[in-house]
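S.K.: Only the shape, not the letters, is given here:
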């Protein structure tokens, strides 16, 4: 009996090591890990983006905009377009809704420092080449819901 168990264990162990994984029974399903990882990464990117935006660190937020939008709108335009935004606010992240594997909507709440103004807003984010990118707002007029 032992002579059959040892080779089976050896094969199982070798397969796990070659894939650089722990044993299958000790892991979540790959889909759950990918989704959790992506959602956590998106949450951090979103909070970082709005923190930098509130501090008018536009070079950092511009780098987080979708690449094709940066191609269409240069940094000088972006800085001028956003510079008048009030920096005395905080953003509270409410929820993340994945639209598909590579896109999501993050619902947030804007709260002014004096707490006189609050409103809800949605941001669209896209996962491209391992990073989350923000869909740049290019109009000060609210656009219709899609």
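M.R.: Ah, there it is. Predicted model, so just to flag it, every value in this text is computed and none were measured.
S.K.: how about stretch 121-138: buried residues?
M.R.: Across stretch 121-138, burial judged by 16 or more other Cβ atoms under 10 Å covers 123-127, 132-134, 136-137. All C-beta spots, glycine's among them, are computed from the backbone N, C-alpha and C.
S.K.: Tell me where the model's unsure across this structure.
M.R.: Along the chain, segments meeting pLDDT under 70 span 1-36, 86-87, 139-146.
S.K.: Now do the strands in it.
M.R.: With DSSP state E as the criterion, the chain has strands at 89-100, 103-112, 118-128, 131-134.
S.K.: what sits up against the last one?
M.R.: Residues outside strand 131-134 that contact it (Cβ atoms under 8 Å, 6 or more residues apart in numbering): 38, 41-42, 45-46, 49, 61, 64-67, 123-127.
S.K.: now swap in the third one and tell me
M.R.: Residues lying outside strand 118-128 but in contact with it, judged by Cβ under 8 Å, 6+ apart, are 38, 42, 45-46, 66-67, 94, 101-112, 132-135.
S.K.: Quick check: closest non-adjacent residue to residue 85.
M.R.: Closest residue in space to residue 85, ignoring its immediate chain neighbours: residue 53 at 7.4 Å, by Cβ to Cβ, 6 or more residues apart in numbering.
S.K.: From residue 137, how far off is that neighbour?
M.R.: As judged by Cβ to Cβ, to the nearest Å, residue 53 and residue 137 stand 11 Å apart.
S.K.: same question, residue 113
M.R.: Taking Cβ to Cβ as the measure, residue 113 falls 22 Å from residue 137.
S.K.: swap in residue 45?
M.R.: Counting by Cβ to Cβ - residue 45 and residue 137 are separated by 16 Å.
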